[in-house]
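[1] Output the structure for:
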Amino acid sequence: MKPSECRLRPVTNDDADHVIQLIDNVYREYGETMHLEQADRDLQDLQGAYMGRGGSFVVLEQDHEIVGCHATLPVDPAAKLGTLRRLYLAPKLRGQGWGDVLMNWALDWALQAGWDRIEFWSDTRFTRAHQFFRRFQFVKTGVIREMQDSYEPYSEYQYIWSRPDKEKQRQ
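    Below is the predicted model:
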């Protein structure tokens with residue numbers, strides 16, 4: 001697919017049902033179910049949960065269908081630390097560069113926001129995503145957390161990324 005076939009745009013709360021459906025479809029690939037009362041409650045007020053907290057959330061749209069999404073959130077503005085959330089892509093678009101579009105958007109957003117470091121968590125079952133993160137210089141820290149906020153317990157790996165120019169300054 002050509003980049004012109006999809007477009008990136010800011011999310012609105014009117015997109016919530018479509019974003020939930022996209023993420024639910026990905027969860028089902030791993031035998032998981034959405035838990036809107038706990039782990040996935042942020043999806044019920046996308047603008048409040050992200051833009052209302054100083055972050056951003058975008059969707060990737062193709063023919064009026066939401067086929068991808070990604071979000072950013074500050075964690076500690078004084079420390080210039082943020083996190084990434086909700087990177088999901090419909091199976092039909094995987095391996096075609098659209099994940100790169102979503103990740104580049106998030107990294108550009110983080111740099112413009114002045115973040116020096118990004119820390120985030122990824123379900124241990126998302127092995128393809130973990131390979132993807134390494135391509136963008138995210139490093140798995142070795143820390144694993146056990147989560148109980150869904151219908152079934154699950155585990156997540158912690159990843160970190162540092163602003164490239166800040167890494168050079170430390171060397």
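[2] what's the spacing between R117 and A79?
    Using Cβ to Cβ, to the nearest Å, R117 is found at 7 Å from A79. For glycine as for every other residue, the C-beta is placed from the backbone atoms N, C-alpha and C.
[3] Mind checking which of those two has more residues around it?
    R117 (17 against 11; other Cβ atoms under 10 Å).
[4] tell me the contacts of the more buried one?
    R117 sits next to A79, K80, L81, G82, I160, W161, S162, R163, K166 when contact means Cβ atoms under 8 Å, 6 or more residues apart in numbering.
[5] What of Y157?
    W121, S122, T124, H130, K140, T141, V143, I144.
[6] The helix or strand hosting it pairs with which strands?
    Using DSSP states H and E, Y157 sits within strand 154-162. Strand pairing for strand 154-162, using DSSP bridges, gives strand 117-123 (antiparallel), strand 139-147 (antiparallel).
[7] Show me the shaky parts of this protein.
    Residues of the chain meeting the criterion pLDDT under 70: 1-4, 166-171.
[8] do that again at 50, thanks
    In the predicted model, the chain carries pLDDT under 50 at residues 1-4, 168-171.
[9] okay, the angle between the lengthiest strand in the chain and strand 117-123?
    Identified as the longest strand of the chain according to DSSP state E is strand 65-76. Angle of strand 65-76 versus strand 117-123, following axes from the mean of the first three to the mean of the last three Cα atoms, to 10 degrees, is 130 degrees.
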